[in-house]
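Engineer: Here is my input, please return the structure:
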Amino acid sequence: MRTAISAVIWALASVMIIILVTLPINTRTQLIASILIVTVMAVIKILNAEGKWRLVALAFGTAMILRYVYWRTTSTLPPVNQLENFIPGLLVYLAEMYSVVMLALSLFVVSMPLPPRKAATPGEGRLPTVDVFVPTYNEDEGLLANTLAAARNMDYPADKFTVWLLDDGGTVQKRTSANVSDARAAEARYKTLQQLCEDLGVRYLTRERNEHAKAGNLNNGLAHSTGELVAVFDADHAPARDFLLETVHYFETEPKLFLVQTPHFFLNPDPVERNLRTFERMPSENEMFYGIIQRGLDKWNAAFFCGSAAVLNRKALEVSKGFSGVSITEDCETALDLHGLGWHSIYVDRPLIAGLQPATFASFIGQRSRWAQGMMQILRFRFPPLKRGLSFPQRLCYMSSTLFWLFPFPRTIFLFAPLFYLFFDLQIFTSSGGEFLVYSLTYMIVNMLMQNYLYGSFRWPWISELYEYVQTVHLLPAVVSVMLNPRKPTFKVTAKDESVSVSRLSEISRPFFVIFAVLVIAFCISVYRVYAEPYKADVTLVVGGWNLLNIIIAGCALGVVSERGERQSSRRIRVSRRCEFGIDGRWFTATIEDVSVNGAAIQIYTEGFRGIAANSQGVIRFQPFSDMPVGELPVDVRHAESLGDVTSIGCRYMPQKATDHRLIADLIFANSAQWSQFQTARRNNPGLLRGTIWFLGVALYQTTRGLGYLVKDFGKNRPAGEA
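Structural biologist: Just a heads-up that it's a prediction; the model follows:
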């Protein structure tokens, strides 16, 4: 009976919405309705009302967007017999409908996401055995040493877990390559990593041939191991001490659980954050996915494997015949297969690993190109809507995750649509400037308000538009290529532990300056046309305003591709940890203030500590978080500064044995609470108005900074003989 009543209520509500959306009203009435609804949504947001009020606000926004869709569909498309207007007009319309569909999918996924799960309570049963896989291809020894040492430091019975280094850079195929130089390098790597693993108590494993990229490497690990569970960490993803204790217990009560995924937390900013200098005060781009979207997916049993920072059930992997390797995003593909086979997943929203992001803009684009192409392959080869075994919500969730990567197409259309009118006088909208403002401006404001409702403190206004634009320029050809030839893309390892020592323009920055110049020319034309064609001023002002918005985003992107030089090769983390500092046989009480993967900053408080010289050799003595005894880590003093009774020194680690690497890993990675605190400190919501004003200020500054880099680069490359 209740089901029938609910169905009737939903049917009546749907009929009412359709009537309201299609109700014929004049522009003035539409303006009044728009103002009222935007005001109601803003008031609910200001009052920070949650629960049902949040859904009420989203429902109002949805009604306005549907109203806009109805108007766009029935009143604005150019006549079909005017192909020069109809074709570009249809492209803009399709781009907008894509955005509406993606918003609808987002509403389904994240309108009411699951709250973060509470910390797992260890059960009384037997702890499962775990194989810890660290796949590697070309990462250097120092980076691997930190990750392997952190994995070895995990708080778990030593006889219950085994750490494996799965090395695809030292395969027999590579060591016997016809290229002698490559063969020698692979042989040297093979011997070096074998010794490193022996020193750290880690199992080293390679294979005959490099087949099926990362998926093949992981499957080779499965074939040589026997653990009930499998934990996977990328080569630059070091786990905290409590990673296994926070994840494996979920498998005790859920026999059909195949995955426990945790977020990817990064110690360094991505190129956008570094060049805009927002890393310490604004949430990272990936936090929208790991902070909200994965929790929304988890609600529908659709949280998927992200390639690292996860624990998987070996029984499930045996059913699916290992990690899937049809696409170059083996992680999402594997999860899709296992969800289709009836297995379940869980998402634990707590950072339990710390990794490294690409430092250069070119590497960042390379990484995103691989993600985009892999998702397009999944869409092509697996097609989630027709995937057998998935529930209807799971189909929608996977469609949201895969269709997102089509954004380069609508973003390109939105970028160049104003130029159709300004350069060629094409009429891609059959409406007056007033109608355009009443409907389209309301649509934009409501859309931004809804995004603010959905993602709040995890994504500031206009940041999504900036990230999509800077990726679109290079992702568009990558996505087109995989559509034309789905099997063409190959797995490419993202460069890790890079640094930008000298300020410079990115090697792939040229298209951004060309696009910016074209948009500025179009803006000048719009100003001219307002005065030369006053009878079209309303339309010209609207299109010119649209183009101006594109200029603001494109100008900000000039700062993104202007790489800032950094003296530090890695980001420092505040730790405030008690220690002793030893030098020349004397020991002084000290505090470790911050650490990085290369060194630490220490404050020494004992009176009498004076006159230490650079390049002096010292030792840091401290108690590890793990069950290791008090350790002494050798360091090289890089600089020292005394102020009163306090001497601050900067030192570089000088590891000499395996224990030293474990001490370094303990300093940096053992305490996961510090990562949660850092994330929480950045998560504040400036709101739509303040966020927009802030973005305008950032865009103005970054535009001038980018143009300044261009002038310097031109002067540097100019022939010496020119005046």
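
Engineer: For residue 714, what is the enclosing helix or strand?
Structural biologist: Taking DSSP states H and E as the definition, one finds residue 714 inside helix 687-717.

Engineer: Can you spell out which helices and strands pack onto that helix?
Structural biologist: helix 271-276, helix 442-455, strand 504-505, helix 510-532, helix 537-560, strand 562-563 (3 or more CB pairs under 8 Å, 6 or more residues apart in numbering; DSSP states H and E). (C-beta placed from N, C-alpha, C; glycine too.)

Engineer: so what's residue 82 closest to, chain neighbours aside?
Structural biologist: Spatial nearest neighbour of residue 82, excluding adjacent residues (CB to CB, 6 or more residues apart in numbering): residue 427 at 7.8 Å.

Engineer: before we move on, what about residue 377?
Structural biologist: Using CB to CB, 6+ apart and skipping the chain neighbours, the partner closest in space to residue 377 is residue 327 (3.7 Å).

Engineer: circling back to that earlier point, which positions in the helix holding residue 714 come out as buried?
Structural biologist: Within helix 687-717, the residues that count as buried by 16 or more other CB atoms under 10 Å are 687-688, 691, 694-695, 698-699, 702-703, 705-707, 709-710.

Engineer: Let's have those residues in a markdown table, adding pLDDT.
Structural biologist: Converted to a markdown table, the buried residues of helix 687-717 look like this (pLDDT from 0 to 100):
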| residue | pLDDT |
| --- | --- |
| 687 | 85 |
| 688 | 87 |
| 691 | 91 |
| 694 | 95 |
| 695 | 95 |
| 698 | 95 |
| 699 | 96 |
| 702 | 96 |
| 703 | 96 |
| 705 | 95 |
| 706 | 94 |
| 707 | 94 |
| 709 | 91 |
| 710 | 90 |
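
Engineer: is it possible to export the residues you listed to TSV including distance to residue 224?
Structural biologist: As requested, the buried residues of helix 687-717 are arranged in TSV below (distance: CB to CB, whole Å):
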residue	distance to residue 224
687	54
688	54
691	51
694	52
695	51
698	50
699	53
702	50
703	54
705	52
706	50
707	55
709	50
710	53
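
Engineer: Mind listing residues that contact the one helix or strand residue 72 maps to?
Structural biologist: When elements are assigned from DSSP H and E, residue 72 belongs to helix 52-75. Residues outside helix 52-75 that contact it (CB atoms under 8 Å, 6 or more residues apart in numbering) are 17, 20-22, 30, 34, 37, 40-41, 44-45, 47, 49, 93, 96-97, 100, 103, 107, 111-112, 430-431, 435, 439-440, 442-443, 446-447, 449-450, 453-454.

Engineer: make it 6 Å
Structural biologist: For helix 52-75, contacts defined as CB atoms under 6 Å, 6 or more residues apart in numbering pick out 21, 22, 37, 41, 44, 100, 111, 439, 443, 446, 450, 453.

Engineer: Equivalent analysis for stretch 596-612, please.
Structural biologist: Stretch 596-612 is contacted from outside by 146, 570, 572, 581, 588-594, 640, 645-653, using CB under 6 Å, 6+ apart.

Engineer: that older thread, could you point out which of the buried residues of helix 687-717 is nearest to residue 482?
Structural biologist: residue 706 (30.1 Å; CB to CB).

Engineer: how near is the residue nearest to residue 98 when sequence neighbours are not counted to residue 481?
Structural biologist: Leaving aside its sequence neighbours, residue 98 sits nearest to residue 410 (CB to CB, 6+ apart; 4.9 Å). Distance, residue 410 to residue 481, by CB to CB, to the nearest Å: 18 Å.

Engineer: sorry, back to before: quick check, the residue nearest to residue 82 in contact with residue 85.
Structural biologist: Yes. In this structure, residue 427 is within contact of residue 85 by CB atoms under 6 Å, at 4.9 Å.

Engineer: Look up the residues that both of those two are in contact with.
Structural biologist: Here residue 427 and residue 85 share the contacting residues residue 78, scored by CB under 6 Å, 6+ apart.

Engineer: More neighbours: these two, which one.
Structural biologist: For residue 427 versus residue 85, neighbours defined as other CB atoms under 10 Å are more numerous around residue 85 (22 against 17).

Engineer: Which strand or helix spans the more buried one?
Structural biologist: Counting by DSSP H and E, the element that carries residue 85 is helix 83-110.
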